[in-house]
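A.B. asks: after the sequence you'll find the predicted model.
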Amino acid sequence: MKKQLEKNRQKKKEDKEQRKLERKQNGGSGDLESMMAYVNEFGEIVSTPPEKKA
């Protein structure tokens, strides 16, 4: 029983480390522009900035 619990803990630790490495490699652009969201006149969230009205 103790060996099985230790195996489970070790597997979780390895999985967590693997996910951490994947996130580090696939960090993405991370720039501010890609994280921006805008609200249009209908209250919907969109990724494009609103057009300037003259």
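C.D. replies: Yes, it's here.
A.B. asks: against residue 50, how distant is residue 25?
C.D. replies: When distance is defined by Cβ to Cβ, to the nearest Å, residue 25 is 35 Å away from residue 50. In this view, the C-beta of every residue, glycine as well, is placed from N, C-alpha and C.
A.B. asks: quick one: which of these two has more around it?
C.D. replies: Neighbours per residue (other Cβ atoms under 10 Å) separate residue 25 from residue 50, with residue 50 holding more: 10 against 7.
A.B. asks: quick one: mean pLDDT over the longest helix seen in the chain.
C.D. replies: Under DSSP state H, the helix in the chain containing the largest number of residues is helix 2-25. Helix 2-25 carries an average pLDDT of 95.
A.B. asks: how far is the helix or strand that that helix is followed by from where the chain is centred?
C.D. replies: Proceeding N to C from helix 2-25, the next assigned helix or strand is helix 32-35, under DSSP states H and E. Taking Cα atoms, centre = their mean, to the nearest Å, one finds helix 32-35 lying 13 Å from the centre of the chain it belongs to.
A.B. asks: now helix 32-35: buried residues?
C.D. replies: Of the residues in helix 32-35, none has enough neighbours to count as buried (16 or more other Cβ atoms under 10 Å).
A.B. asks: now stretch 43-53
C.D. replies: Buried positions in stretch 43-53, judged by neighbour count with 16+ other Cβ under 10 Å: none.
A.B. asks: distance between the ends of it?
C.D. replies: Start-to-end span of stretch 43-53 (Cα to Cα, to the nearest Å) is 17 Å.
A.B. asks: residues in contact with it: which ones?
C.D. replies: Among residues not part of stretch 43-53, those counted as contacts by Cβ atoms under 8 Å, 6 or more residues apart in numbering are 36, 37, 38, 39, 40, 41.
A.B. asks: now, which of those lie within strands?
C.D. replies: Here DSSP state E is the test, and those give 38, 39 as lying in strands.
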